[in-house]
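S.K.: Got a predicted structure plus its sequence, pasted below:
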Amino acid sequence: MRVVVNLTRCQGYAQCAFLAPEVFRMRGAEALMYDPEPDNAQRERVLRAAAACPVQAILVDHVDDKEAAVESATTGPAAAARPAAPLRTAGWRRTGWQPSPDGHDAAIEGLRRNGRLVIVGASLAGLAAAATLRREGFTGSLTMIGDEPYRPYDRPPLSKQVLDGWVAPDHTGLPRVDELHARWLLGVPATGLDPAGKQVHLGDGGIIDYDRILIATGTRARPWFNADEAALDGVFVLRTRDDAAGLRHRLAGRPGRVLVIGGGFTGSEVASACRDRDLAVTLVERGPTPLAGALGGVIGAVAADLQREHGVDLRCGVTVTRLEGDTAGRLRRAHLSDGSIVDAEVAVVALGAVRNTEWLRGCGLAVGDWGVGCDAGCRVFDAAGVVTDDVFVAGDVARFPHPLYDYQFLALEHWGNAVAQAQVAAHNMISAPAERWPHLAVPVFWSAQFGTNIKSVGVPTLADQVVIAQGSVAQRRFVAAYGYQGRLTAAVGFDQGKWLESYEGLIEAGAPFPPDLRGVDEPTDAQPAAAQIPDHRTRDRHATVAVTGHDPSERRAELIYHH
């Protein structure tokens, strides 16, 4: 059987851990870990746990007829109407669609029955889109293309359950893959796209025709800048199942010290997993604190204290300038910008992600290192900014305007965004224009590290102030509210997941900042402070646009890439 918990919904009530302790475990007050592929002997316990979940966040795969009633309890009013309810899309409701006699709707109905849809990216977003297509009545040809040899699996457990040794890397598969009735082309990367000819070119020389296509190629780990040093035995990145398997094996050998390069969420979670194994860890972060790039310096300072309290040798404000190996090509030490040296047998490079867009260069679409540009309905722009009707995008690789944030273009590497955006994209691929949905979900993400559940709603980096709105920083149980020019933009909770849904509603409603939460566990002396958000505008630009022509009918835009 397969299990997935939508941790964007989970609020840490822990009923599942009581009812199925071999499958669900609580770290600290709210950090839930689970086995994505438990033994079938656990089925009855898992189904009871899913039915008891107060927020219906557990989805179970392969439920037979006699257990259909239990599945209905775990997925909402009716399994047929809402089989994937835990993969929530911020309140969207399917209102129904019946084709009208006009030619456009007849064409859409033909697409739904006989069309050829292709999804490039056998990922969480790709799976969510494919499941939505089938659920909404698409019966045509569906092709899934993935560069990895595996069917879709869940990535968040790789830096948590897998690294701590509880869950095997190949036991992270996502549910309901077998229900898609899709053609799977795995281990074969897409190498080019011809939007005019409606063809995808593959790395093995194959060509796939399509009527409409969804780009869901996601991201990959940013490699170490020096290829020779990156090739040293003991240097790892963490993005794929194979990455996790290699790193897990090395940690099981109990290296003398692990060096983590980068203090974002992945780096911090790796450090946490290493400390759980009682391994010595040094984390090097170029910013003033870990997590500063995502949560700002004020809350990043809390994360820094959390790491040091759990025995991490945290070095901030410095960088690794060189990795040094021995004559056998094994990592031995790292040289830092402050002149210090760290002896380490294992180094994990956690310097963020690179969006997988290179295969799209030259196809005429709006593509760069920032992702694939699209409108709020997930339709991709061409290089001139004109939306297409047959090319859609979703997940980590998408860059889209969000009305809640002054229509700024966002690119989000979040589990919840991948699911919500993929469901909207899939719906729009097979719907008439009047029935299309916008992707308006408030971003939500989470991280479990050092026994603490860190959960965020909104976009903390689009803020100028922060205030501790509830709880106690000293006790590591609090909610920090973020605001921009008097409006609430985000909230981050440390072991306070039950409050975040309320903040999500305030953000959607355009509530003022600081929020008025009198009588709800508010601190007595909290005052807004500068959020200390890094200026991301200084990042290098790798693509720009050249415009030619004079008459409007002759004006053309072309993307120009440089390194």
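M.R.: All right, it came through fine. In this text, all values refer to a predicted model and were calculated from it rather than measured experimentally. Residues are numbered from 1 along each chain as shown.
S.K.: Return the set of buried residues in stretch 153-165.
M.R.: Counting neighbours by 16 or more other Cβ atoms under 10 Å, one finds that the buried residues in stretch 153-165 are 153-164. To be clear about C-beta, it is placed using only N, CA and C from the backbone, and glycine gets the same treatment.
S.K.: May I have that stretch as CSV, with CA atoms only?
M.R.: What follows is stretch 153-165 as a C-alpha-only set of coordinates in CSV (Å, rounded to 0.1, in the frame of the first residue of the first chain):
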residue,chain,number,x,y,z
TYR,A,153,7.8,9.6,-5.8
ASP,A,154,7.6,12.0,-2.9
ARG,A,155,10.7,14.2,-2.4
PRO,A,156,10.2,15.7,1.1
PRO,A,157,10.8,12.3,2.9
LEU,A,158,14.3,12.1,1.2
SER,A,159,15.8,14.7,3.6
LYS,A,160,13.9,13.3,6.6
GLN,A,161,12.7,9.8,6.9
VAL,A,162,15.2,8.4,4.4
LEU,A,163,18.3,10.1,5.8
ASP,A,164,17.5,9.1,9.3
GLY,A,165,17.4,5.5,8.2
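S.K.: Now tabulate the buried residues of stretch 153-165 in a markdown table and tack on secondary structure.
M.R.: A markdown table is the format used below for those (DSSP: H, G, I helix; E, B strand; the rest coil):
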| residue | secondary structure |
| --- | --- |
| 153 | strand |
| 154 | coil |
| 155 | coil |
| 156 | helix |
| 157 | helix |
| 158 | helix |
| 159 | helix |
| 160 | coil |
| 161 | coil |
| 162 | coil |
| 163 | coil |
| 164 | coil |
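S.K.: and residue 232, what does it touch?
M.R.: Taking Cβ atoms under 8 Å, 6 or more residues apart in numbering as the contact definition, residue 232 lies against 323, 325, 329-331.
S.K.: same deal with residue 156?
M.R.: Taking Cβ under 8 Å, 6+ apart as the definition of contact, the neighbours of residue 156 are 7, 415.
S.K.: one more time with 7 Å
M.R.: Contacts of residue 156 were listed using Cβ atoms under 7 Å, 6 or more residues apart in numbering, and they are residue 415.
S.K.: ok, now how distant is it from residue 44?
M.R.: Applying Cβ to Cβ, to the nearest Å, the value for residue 156 to residue 44 is 26 Å.
S.K.: and if you look at residue 351?
M.R.: As it turns out, when the distance is counted by Cβ to Cβ, residue 351 lies 44 Å from residue 44.
S.K.: Residue 11 against residue 498, yeah?
M.R.: Yes. The pair residue 11 and residue 498 passes the contact test of Cβ atoms under 7 Å, sitting 4.5 Å apart.
S.K.: And these two? Which one has more around it.
M.R.: In this view residue 11 and residue 498 are compared by other Cβ atoms under 10 Å, and residue 11 has more residues nearby, 21 against 16.
S.K.: Surely that one is in a strand?
M.R.: No. The assignment for residue 11, made by three-state DSSP, is coil rather than a strand.
S.K.: before we move on, the earlier item: may I ask which of the buried residues of stretch 153-165 comes out lowest in pLDDT?
M.R.: Lowest pLDDT among those: residue 164, with 91.
S.K.: Next up, the contacts around that residue.
M.R.: So, once contact is read as Cβ under 7 Å, 6+ apart, residue 164 ends up touching 273, 276-277.
S.K.: Just the buried subset of the residues you listed, please.
M.R.: Counted by 16+ other Cβ under 10 Å, the contacts of residue 164 give 273, 276 as buried.
S.K.: Go through the contacts of residue 164 and name the one nearest residue 219.
M.R.: The shortest distance between residue 219 and any of these, using Cβ to Cβ, involves residue 273 and amounts to 20.8 Å.
S.K.: Got phi/psi on the closest one?
M.R.: Dihedral angles phi and psi of residue 273 (degrees, to the nearest 10) take the values phi -60, psi -40.
S.K.: Need the per-residue pLDDT for it.
M.R.: Turning to residue 273, the model gives it a pLDDT of 97.
S.K.: close enough to count as contact, it and residue 163?
M.R.: Yes. Applying Cβ under 7 Å, one finds residue 273 in contact with residue 163, separated by 3.8 Å.
S.K.: Helix or strand for the residue lying closest to residue 133 once chain neighbours are set aside, just tell me which one.
M.R.: For residue 133, the nearest residue in space outside its immediate sequence neighbours is residue 426; the separation is 4.8 Å by Cβ to Cβ, 6 or more residues apart in numbering. Assessed by DSSP states H and E, residue 426 sits inside helix 415-429.
S.K.: what comes into contact with the helix or strand just after that helix?
M.R.: Stepping forward along the backbone from helix 415-429, the first helix or strand reached (DSSP H and E) is strand 444-449. With Cβ under 7 Å, 6+ apart as the test, strand 444-449 has contacts from 7-8, 27, 31, 160, 265, 268-269, 272, 414-416, 453-457.
S.K.: what angle separates strand 444-449 from helix 415-429?
M.R.: Here strand 444-449 runs at an angle of 150 degrees relative to helix 415-429 (axes from the mean of the first three to the mean of the last three Cα atoms, to 10 degrees).
S.K.: Direction included, what does strand 444-449 pair against?
M.R.: According to DSSP bridges, strand 444-449 forms sheet pairs with strand 452-458 (antiparallel).
S.K.: So what touches the helix or strand just after the partner strand?
M.R.: Per DSSP H and E, the first helix or strand lying C-terminal to strand 452-458 is strand 465-472. Under the criterion Cβ under 7 Å, 6+ apart, residues 296, 298-299, 477-483, 496, 499, 513-515, 517, 520-523, 526-531 lie in contact with strand 465-472.
S.K.: Name only those of these that count as buried.
M.R.: So, of these, 296, 298-299, 477-483, 496, 499, 513-515, 517, 522, 526, 528, 531 end up buried under the neighbour-count rule (16+ other Cβ under 10 Å).
S.K.: So which of those sit within helices?
M.R.: When DSSP state H is applied, these are split such that 296, 298-299 fall in helices.
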